[in-house]
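structure here, sequence nowhere to be found:
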C-alpha cells in the first residue's frame, strides 16, 4: 500500500487463479457503497469482464447469475440486494463525446457503476473512483494476472482499508473466511459476517473518527458530544457489560490502532417483528429488566481494555447535552424552512439548560446511549437477562439512567404505543423500588420526560442532517414518529416553558 502521485492509494495483488480473483472481489465488494464508480483498466484479454462477472455474482449472492459482456449492448443493469449496479463497456466508443448517449446521468442516485475501458472517457471521470488495473503476465502462465487497485478522492481511504482488513484477517486466522456484508447503521462503521468451517463471526470495521471542523472553543462536535473516536470504548464497555452478566459480544481478535474487531455473532433474531416492525412485548420487557438491573447497583467508572490500558467513560455533561439539542435549530428547523432570531435561540438554550440541570447534577450510571431495537438481539438459547444481546455501546457515557429507558421506549425507528410505554415505565419503576425503597419515582419520571424530549430534538436534527449533508433521505420517514414522541414528552408539567417555546417556534410537522 502506498500513496499515489495523484493523492490516491494503491496496492497490488497477484491473481494466480480463480480463487485469488474471488478473494480480491470480496475484499473490494465489502467496502463499496451506493453511488460508487469502479473502473476496470487493462488491455484486451486482461480479464476485465471476468473480474466484473465475479464481482456481480458475489454481490448477487448467486454464482449462476448470467453476466454477459456489455461490449455490444454498452450497458447492462442489475438490481442487487444492496444497490442497483450498471456494468458498462466503452470499448466501442470513439471518444468522450459519445458518453452522453449511454444515459448515465439518468440513473437513480445510489447506482454503482462498473466501467470497462475508462480511457474512452478521458477527462470526464469523476475525482472519486476506484480503479482496478489488470495486466497479463505470460511468463507466469496463461491464467495469471497482476492487479493494481487504486482509490482516488474519497475512495482513497477505503482502498487503504481494503488492504488493512485483508492483513488483519490473515494475521488472526480468518484469511480463508467467507465474507458477506451485512446491514450497518448511520455511522461510518461497516460490518461483515465471516464464516469459517461452519462457525460465524462479525467483522467490525470502525475507522478512527476524523475530527470535523471546530464548532465551539476550538473543539469539533464529536469531542463536545463525547462520541467515540476509536474502538477502545467498545472493547472496554463490552468487557464491563459481560462482567455484569449481560450479553455483549465476545471479542476474538482486535487491532485498536486499525479499528478492526472480530466479534461474537449473535445472529439475527430481533426484539421487533412484522412489517412495519412492532415491539415484541416480552422482549421489550426483558430489555427494561436489563436496564433496571444495571441501574440498581454501583458500577465502576474505570474499565480495563488490555494490560496497562484502562478506559473511563466521559460524563454526559451539560455541554454535550446542549450541543445535541442545538441540532434541532441547526438542521431540523432549516429543513422546515423555519427561522429563529438570535434572541429566540438564546432563550431555547437557556430553557434547556434549566431543564437539564437536575439530570447533570444527579448520581450517574452507565448510559449506553443507543439502547434501542436496531442494537438489541434476542438470544433464545440463553437464560435470564443474558437473553438480550447488546450490540452498540461505544458512545457510552456516565449520566442519568432515564436516558437509556427513553431510548428504548421512544424508539426512533419503531412505533411504541403510549400504553406499552407507560406499562414498561411502570415495570422499570417497580423493579427499581423493589431493589431500593428510596427510589424517587416522580424525579425519575421528570428525568425521563426531559431526556426523552432532549433525545427526540437531537434525532430530528440528526435525521435532517443525514438527508441534507450526507445524502441519506431514507431517515426522513422516521421524522413523524420522532415528532410524535417529542409531543408526548413535552406534555410533562416540568417542561411547560420548553413546550411553549416549541409551540411558538417549531412548525407542526408536515410531509417533507
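That came through fine. This one's a predicted model, so the numbers in the text were calculated from it and none came from an experiment. Numbering: from 1, shown residues only.

name the nearest residue to residue 448, sequence neighbours excluded.
Leaving aside its sequence neighbours, residue 448 sits nearest to residue 402 (CB to CB, 6 or more residues apart in numbering; 4.4 Å). Where you see a C-beta, it was placed from the backbone N, CA and C, and this is true even at glycine.

hmm, I typed the wrong one, I wanted residue 212.
Nearest to residue 212 is residue 220, by CB to CB, 6+ apart, at 4.2 Å.

buried stuff in stretch 366-381?
Under the neighbour-count criterion of 16 or more other CB atoms under 10 Å, stretch 366-381 has 366-378 buried.

which of those residues sit farthest apart?
367 and 378 (22.7 Å; CB to CB).

picking up where we left off before, ramachandran angles for the residue nearest to residue 212?
phi -80, psi 160 (degrees, to the nearest 10).

residues contacting it?
Contacts for residue 220 (CB atoms under 8 Å, 6 or more residues apart in numbering) come out as 211, 212, 213, 214.

correct me, but residue 494 touches residue 355?
Yes - counting by CB atoms under 8 Å, residue 355 is a contact partner of residue 494 at 7.3 Å.

the more surrounded of the two?
Legend: neighbour count by other CB atoms under 10 Å for residue 494 and residue 355, higher for residue 355 (22 against 15).

assign that one to helix, strand or coil.
helix (DSSP: H, G, I helix; E, B strand; the rest coil).

who touches it in this structure?
Contacts of residue 355 by CB under 8 Å, 6+ apart are 450, 494, 495, 497, 498.

and it, how far from residue 214?
Per CB to CB, to the nearest Å, residue 355 is found 27 Å from residue 214.

equivalent analysis for residue 64, please.
Taking CB to CB, one finds residue 64 at 53 Å from residue 214.

okay, the two: which has more neighbours?
residue 214 (12 against 6).

quick one: contacts for residue 504?
Residues near residue 504 by CB under 8 Å, 6+ apart: none.

so it, which state does it fall into?
Classification of residue 504 using three-state DSSP returns helix.

report pLDDT for it.
Note on residue 504: pLDDT of 95.

also residue 509?
Residue 509 is given a pLDDT of 68.

pLDDT check: weakest of the contacts of residue 220?
Across those, the bottom pLDDT score, 78, is held by residue 211.

so that residue sits against residue 221, correct?
No - counting by CB under 8 Å, residue 211 does not reach residue 221; the two are 9.4 Å apart.

low-confidence ranges in the chain?
Counting by pLDDT under 70, the chain has low-confidence residues at 1-8, 10, 16, 94-108, 141-143, 184-187, 509-512.

state which helix of it is the longest.
When the chain is parsed with DSSP state H, its longest helix is helix 441-468.

summarise which helices and strands it is packed against.
helix 318-327, helix 333-335, helix 342-361, helix 402-409, helix 418-435, helix 479-490 (3 or more CB pairs under 8 Å, 6 or more residues apart in numbering; DSSP states H and E).

that helix to helix 479-490, inter-axis angle?
If you take axes from the mean of the first three to the mean of the last three CA atoms, to 10 degrees, helix 441-468 sits at 160 degrees to helix 479-490.

helix 441-468 to helix 318-327, inter-axis angle?
50 degrees.

buried residues of helix 441-468, list them for me.
Neighbour counts over helix 441-468 (16+ other CB under 10 Å) mark 444, 446-467 as buried.

any figure for the gap between the residue of the chain positioned farthest from its centre and residue 35?
Within the chain, residue 139 marks the point farthest from the mean C-alpha position, 45.6 Å out by CA atoms, centre = their mean. Using CB to CB, residue 139 is found at 39 Å from residue 35.

that older thread, are any of the contacts of residue 220 buried, and if so which?
Burial by neighbour count, judged by 16+ other CB under 10 Å, picks out nothing from those.

in strands, which of those residues appear?
Here DSSP state E is the test, and the contacts of residue 220 give residue 214 as lying in strands.

any chance of the contacts of residue 220 in TSV, plus distance to residue 471?
As requested, those are exported to TSV (distance: CB to CB, whole Å):
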residue	distance to residue 471
211	21
212	17
213	19
214	24
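
kindly indicate which of the contacts of residue 220 lies nearest residue 49.
Of all those, residue 212 has the smallest distance to residue 49: 41.4 Å, by CB to CB.

contacts only, for the closest one.
The contact partners of residue 212, taken as CB under 8 Å, 6+ apart, are 220, 221, 222.

can we see that at 10 Å?
The contact partners of residue 212, taken as CB atoms under 10 Å, 6 or more residues apart in numbering, are 219, 220, 221, 222, 223.

next: residue 424.
Applying CB under 10 Å, 6+ apart, the residues contacting residue 424 are 279, 281, 284, 285, 287, 288, 289, 291, 405, 408, 409, 416.

my guess is the fourth one is in a helix, correct?
Yes - when the secondary structure is assigned by three-state DSSP, residue 285 falls within a helix.

gap between it and residue 428?
Using CB to CB, residue 285 is found at 10 Å from residue 428.

which of the two has more residues huddled nearby?
Neighbours per residue (other CB under 10 Å) separate residue 285 from residue 428, with residue 428 holding more: 25 against 16.

contacting residues around residue 367?
295, 313, 315-316, 393, 395-404, 407, 451.

residue 156 and residue 128 touch, don't they?
Yes - using CB atoms under 10 Å, residue 156 and residue 128 qualify as a contacting pair, with a distance of 8.8 Å.

show me where the stretch 51-200 of the chain has its helices.
Under the criterion DSSP state H, counting those that start in this stretch, the stretch 51-200 of the chain carries helices at the ranges 155-171.

all strands for it, in order.
For the stretch 51-200 of the chain, the strands defined by DSSP state E, counting those that start in this stretch cover 75-79, 84-89, 112-116, 129-136, 145-152, 178-182, 190-196, 199-205.

SS state for residue 394?
State at residue 394, reduced to three classes by three-state DSSP: coil.

endpoint to endpoint, stretch 371-389 covers what distance?
Using CA to CA, to the nearest Å, the end-to-end distance of stretch 371-389 comes out at 11 Å.

kindly report the same for stretch 357-372.
25 Å.

what does stretch 461-480 give?
End to end - CA to CA - stretch 461-480 spans 13 Å.

pull the distance from it to the chain's centre.
With CA atoms, centre = their mean, to the nearest Å as the basis, stretch 461-480 stands 14 Å off its chain's centre.

what's next to it, contact-wise?
34-35, 109-110, 186, 276, 324-336, 411-415, 459-460, 482, 509-512.

any of the residues you listed buried? List them.
Buried subset of the contacts of stretch 461-480 (neighbour count, 16+ other CB under 10 Å): 324-333, 335-336, 411-415, 459-460, 482, 509.

how near is residue 144 to residue 449?
The gap separating residue 144 from residue 449 is 67 Å, by CB to CB.

typo on my end, residue 253
43 Å.

one more: residue 40?
For residue 40, the distance to residue 449 (CB to CB) stands at 56 Å.
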